[in-house]
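A.B. asks: Generate a structure from the sequence data that follows.
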Amino acid sequence: MIAIHIITESKIIADKISDYLLKNRLILKPFIIDNIHECLIIARTKALLFEKINQEIKDLNLNNLPIIYSMPILHMNWDEVSKLQTSLDQL
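C.D. replies: Now for the predicted structure:
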């Protein structure tokens, strides 16, 4: 499991990306932090989906590609792990 971080230039783009990734079952429960100059999406996902998420965001043809990186989740409540495994895209 990872926490994926996506930094965009605006809340509109962050909403578009998070809606798309949610609809395609690539992330779970995105959290958007809106700043004056940029916006950060933090969401949980499977580590194996990182490259697919990266490619899907590239395929959205945004003017400026967002910064995308991940951080490992070392410990998580087992109920959340189960929800993550069953709710997200299967590889």
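A.B. asks: quick one: residue 71 from residue 43, how far?
C.D. replies: Residue 71 sits 11 Å away from residue 43, taking CB to CB, to the nearest Å as the criterion. From N, CA and C alone the C-beta is placed, and that goes for glycine too.
A.B. asks: Give the residues shared as contacts by those two.
C.D. replies: By CB atoms under 8 Å, 6 or more residues apart in numbering, residue 71 and residue 43 have these common neighbours: residue 3.
A.B. asks: Residues contacting the lowest-mean-pLDDT helix or strand in the chain, please?
C.D. replies: In the chain, no helix or strand scores lower on mean pLDDT, DSSP states H and E than helix 78-87, which sits at a mean of 81. For helix 78-87, the surrounding residues in contact (CB under 8 Å, 6+ apart) are 1, 25, 28, 44, 45, 46, 76.
A.B. asks: The last one should be in a helix, yeah?
C.D. replies: No. Assessed with DSSP: H, G, I helix; E, B strand; the rest coil, residue 76 is coil; it does not lie in a helix.
A.B. asks: thinking again about what came up before, mind listing what's buried along the least confident helix or strand of the chain?
C.D. replies: Buried residues in helix 78-87, counted by 16 or more other CB atoms under 10 Å: residue 84.
A.B. asks: So which elements touch the helix of greatest length in the chain?
C.D. replies: In the chain, taking DSSP state H as the definition, the longest helix is helix 11-23. Applying 3 or more CB pairs under 8 Å, 6 or more residues apart in numbering; DSSP states H and E, we find helix 11-23 packed against strand 2-8, strand 28-34, strand 39-45, helix 50-59.
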